[in-house]
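Sequence first, predicted coordinates after that:
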Amino acid sequence: MAIIKIKSLWLRTFIGFNSDELINKQDVTIHIELETDISADVLENDEPDDILDYKIITKNVIDLVQNGRFKLLEVLTKRILDLVLSNKKIKWARVEVDKPHSLRYSKSVSLTMEGRN
């Protein structure tokens, strides 16, 4: 078993339901943890066959977020989690989405969800 962490993926998307949020993209920061198995063969041979390709997962998350529109942070987080868990090589995942400057006097608000295959 191994945990892969994708840290601080900075993207822009439409997030929120206030009038300015509906017309202006905002920053979000995404952190993803993925549990997967790594076979002894992979570790011995140092070859990428049958390994979880986290670059493809990241590209899919980028596409979902940058091309999407979300009113709720909860919905954005769940859609990312569902996308990640659609890869059957992932046994467990945790997704945290930060929305900077969403509350006055606060650095950010974040939401975390996790799931298992």
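Right, received. Where do you want to start? Numbers count the residues shown, from 1 in each chain.

What are the buried residues along stretch 32-42?
32-36 (16 or more other Cβ atoms under 10 Å). (C-beta placed from N, C-alpha, C; glycine too.)

likewise stretch 103-114?
Those would be 110-111, for stretch 103-114 by 16+ other Cβ under 10 Å.

now the end-to-end length of it.
24 Å (Cα to Cα, to the nearest Å).

want to try CSV for the buried residues of stretch 32-42, with pLDDT, secondary structure and distance to residue 21 as columns?
Below are the buried residues of stretch 32-42 laid out as CSV (pLDDT from 0 to 100; DSSP: H, G, I helix; E, B strand; the rest coil; distance: Cβ to Cβ, whole Å):
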residue, pLDDT, secondary structure, distance to residue 21
32, 98, strand, 24
33, 98, strand, 28
34, 98, strand, 30
35, 97, strand, 34
36, 96, strand, 35
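
what sits against residue 76?
13, 15, 28, 65, 68, 70, 97 (Cβ atoms under 8 Å, 6 or more residues apart in numbering).

which of those lies closest to residue 5?
Distance to residue 5 across the contacts of residue 76 (Cβ to Cβ) is lowest for residue 97, with 14.9 Å.

quick one: strands adjacent to the helix or strand harbouring the closest one?
In this assignment (DSSP states H and E), residue 97 forms part of strand 90-100. Counting by DSSP bridges, the strands paired with strand 90-100 are strand 26-36 (antiparallel), strand 108-116 (antiparallel).
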